[in-house]
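>>> A structural model of the following input is requested.
(chains A and B)
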Amino acid sequence: MNLKELYQEIILEHGKNPRNLRKTENFNKDAKGNNPLCGDNVHVYLKLDENKKVHDISFEGSGCAISMASASIMTDLVKGKTEKEVKEIVEDFLGMIKENPDLKTNLLKDDEKTKLMCLSGVKQYPMRVKCATLSWHTLVTAIDKGNTEVNTERRN
Amino acid sequence: MKIDQIKKEFPIFDEKIQNNDLVYLDSANSSQKPKIVIDRINEFYTKQFSNVGRSVHYLAVAATNMYENTRSSVQKYINAKDKNEIVFTKGATEALNLVANTLGQKYLEEGDEVIITELEHHSNYVPWHFLRKSKNIKINFAEINEFGEVPIENIEKLITAKTKIIAVNHLSNVTGAILPIKEITQLAHAKGIIVVVDGCQGAPHLKIDVQDLDCDFYAISCHKMYGPTGLGILYGKKKWLEELPPYQGGGGMIKEVKKDRISYGDLPNKYEAGTMATAQVIAFDQSIKFLEKVGIENIIKHEKELIEYGQEILKKNNSVKLIGNPKNKGGVLSFTIEGVHPHDIATILDEDGVAIRAGHHCCQILHDKLGIPASARASVGIYNTKEDLDQLNESINKCKKIFDL
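Reported below is the predicted structural model:
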């Protein structure tokens, strides 16, 4: 285990100053997620345009450095992507956090991938994977169902 | 009392945990086990195993005697009047569910009120919530004060003509506040109100005399008392256990079963349906022997010194904020660090072999009241030393360094 790998500079920075930590005005999709084991919660707001592209995305909530940084980086990366593309990115991210050595998607630029890979240190901390994935599951729920609650004990 | 000697009785401290010596500060969650308890489980399964209370063969009779012997030891340890006032359960959670469920069936009606406190663990709230749903009873929460304790006046002012039950914890697993159970019981009984005590944190750390406390029910978690998991104890006054209906049905709890009628067994069988946690019960006798050998007065004194020392060093540590400062405080130090989430604290401390708990500790009502989603909690047991708390402080400093505080 390596704390330095987990708490990389970029994670600490995003954790401290999360991007898009606000509520999107006139959002048309949203979902709440929570981790009942620790009480962490996140609320993701999406504004999709007529072409189903993410016009704006934001989140509210509280959590550890890992979960806040993960939500912050996620919201930065999916802006401008279509629903379908967002889902592909989410799937790729979840695959990487759980088992894959790297990201496969072509929808992200190299520097964006590098940023996301900073979260890969969490792999060595199985109890913390849920922290990194909560906002991503919540984003998919917002897209699929509009507004339901995600629970880390049901979706993994 | 030599803590080093006592610590040697716990084999886990011989292990390296991720190359570190273990600094175990999570005893409020579950305590470590002394060798005599571990060995007793092994011995029972290896040489003496049988189910209890059913067959007449040699092993069954011997196992039944050992099982009942633990009941007598528990009776003596908590000074219950009658051996049959001790019911084994799968945990304190089941014990509290048993009480709420059976009192609910027999004793509560729509509109009746139950008083609990903002300090309660979910296991002393959710079972009452079930009755709020099924029987339309009302739950009133006695508020904490600025020190994280519940003054008896805050309970007293909630009592109405409809109040039937006061259900409180003995020692808060977050703020460490010790509640004045005896006074609460006096107040309640004068008004005909039943008192249920969640003694999960009380039983391992305080002297328990149920006759002196005079509470109607007292729930105990054995794995927090240097005992095995999967075992709890419900103490209930005999009159209640005789009067209330059974909780679960099955083998062992019946007297006579016919197609058109069933009669239930006498105490304590009435509440012990199915095959019980036999090995755990038998091994728990060794936990009580261990506690008696060390002596509860020594445990109280040692843990008080540790907590006072822990409070002292953490108060000096900038950016650490202790939660709760009750006058009567048991072995927990809950805290937050401004700018570091409790989960991050716990992960960083773990790297140094310091095991604490992070989260809401099954007390969401309390954390909501405090306006925080979670906290970090270091809790002590008989095997902890001041050096453990120094290491805690040192690892906290490492957290602050990583987070640039």
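>>> now for chain A, the helix or strand with the poorest mean pLDDT.
strand A:149-151 (a mean of 64; mean pLDDT, DSSP states H and E).
>>> okay, now whatever residue of chain A ends up closest to chain B: neighbour count?
Using C-beta to the nearest C-beta, the single residue of chain A nearest to chain B is residue A:64, 3.7 Å away. Where C-beta positions appear, they are placed from N, C-alpha and C, glycine not excepted. Applying other C-beta atoms under 10 Å in any protein chain shown, we find 26 residues neighbouring residue A:64.
>>> go on, residue A:26?
Using other C-beta under 10 Å, residue A:26 has 8 neighbouring residues.
>>> quick check: closest non-adjacent residue to the residue in the stretch 101-250 of chain B that chain A sits nearest to.
Closest to chain A within the stretch 101-250 of chain B is residue B:122: 10.3 Å, counting by C-beta to the nearest C-beta. In this structure, residue B:122 finds its nearest non-sequential neighbour in residue B:362, 4.4 Å apart by C-beta to C-beta, 6 or more residues apart in numbering or on different chains.
>>> what's the answer for residue B:155, then?
In space, residue B:155 comes closest to residue B:142 once its chain neighbours are excluded; the distance is 4.5 Å by C-beta to C-beta, 6+ apart.
>>> that neighbour: what's it in contact with?
Contacts for residue B:142 were tallied using C-beta atoms under 8 Å, 6 or more residues apart in numbering or on different chains; they are B:115, B:116, B:117, B:118, B:150, B:154, B:155, B:158, B:168.
>>> and chain A, which residues reach chain B?
Within chain A, the positions adjacent to chain B are A:1, A:3, A:6-7, A:12, A:16, A:37-41, A:62-66, A:68, A:125, A:128, A:131 by C-beta under 8 Å from any C-beta of the partner chain.
>>> follow-up on the earlier one: which of the contacts of residue B:142 fall within helices?
Counting by DSSP state H, these place B:154, B:155 in helices.
>>> one step back: so the residue nearest to residue B:122 makes contact with residue B:121?
Yes - with contacts counted by C-beta atoms under 8 Å, residue B:362 reaches residue B:121, the gap being 4.9 Å.
>>> give me the common contacts of the two.
Among the neighbours of residue B:362, those also in contact with residue B:121 (C-beta under 8 Å, 6+ apart) are residue B:173.
>>> those two: which has the busier surroundings?
Neighbours per residue (other C-beta under 10 Å) separate residue B:362 from residue B:121, with residue B:121 holding more: 22 against 18.
>>> tell me which element residue A:75 is part of?
helix A:65-78 (DSSP states H and E).
>>> which residues touch the next helix or strand after that helix?
Using DSSP H and E, the helix or strand that follows helix A:65-78 towards the C-terminus is helix A:83-98. With contacts defined as C-beta under 8 Å, 6+ apart, helix A:83-98 is touched by A:48, A:52-54, A:74, A:77-78, A:81, A:100, A:102-105, A:107-108, A:116-117, A:119-120, A:122-123, A:129, A:132-133, A:136, A:139-140, A:143.
>>> and the buried ones among these, selectable in ChimeraX?
ChimeraX command restricting the contacts of helix A:83-98 to the buried ones, with burial defined by 16 or more other C-beta atoms under 10 Å in any protein chain shown:
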select /A:48,53,54,74,77,78,81,103,105,107,108,116,117,119,120,122,123,129,132,133,136,139,140,143
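>>> restricted to strands, list the contacts of helix A:83-98.
Members of these lying in strands (criterion: DSSP state E): A:48, A:54.
>>> let me see the mean pLDDT of stretch B:306-320.
Here stretch B:306-320 scores 96 as its mean pLDDT.
>>> what sits up against it?
By C-beta under 8 Å, 6+ apart, stretch B:306-320 touches B:176, B:322, B:325, B:329-333, B:335-339, B:378, B:380, B:384-386, B:389-390, B:392-393, B:396-397, B:400, B:405.
>>> tell me which entries of the residues you listed lie within helices.
Going by DSSP H, the helices hold B:386, B:389, B:390, B:392, B:393, B:396, B:397, B:400 from those.
>>> buried ones among those?
Applying 16+ other C-beta under 10 Å to those flags B:389, B:392, B:393, B:396, B:400 as buried.
>>> in three-state terms, label residue B:110 for me.
coil (DSSP: H, G, I helix; E, B strand; the rest coil).
>>> mind listing what residue A:79 touches?
By C-beta under 8 Å, 6+ apart, residue A:79 lies in contact with A:54, A:56, A:57.
>>> kindly recompute the last result at 10 Å.
A:20, A:53, A:54, A:55, A:56, A:57, A:86 (C-beta atoms under 10 Å, 6 or more residues apart in numbering or on different chains).
>>> wait, the first one sits on residue A:54?
Spelled out, it's residue A:20. No - Residue A:20 is beyond contact range of residue A:54, at 11.1 Å (criterion: C-beta atoms under 10 Å).
>>> who touches both of these two?
With C-beta under 10 Å, 6+ apart as the test, residue A:20 and residue A:54 both reach A:75, A:79.
>>> tell me how far stretch B:18-35 lies from the chain's centre.
In terms of C-alpha atoms, centre = their mean, to the nearest Å, the centre of stretch B:18-35 is found 17 Å from the chain centre.
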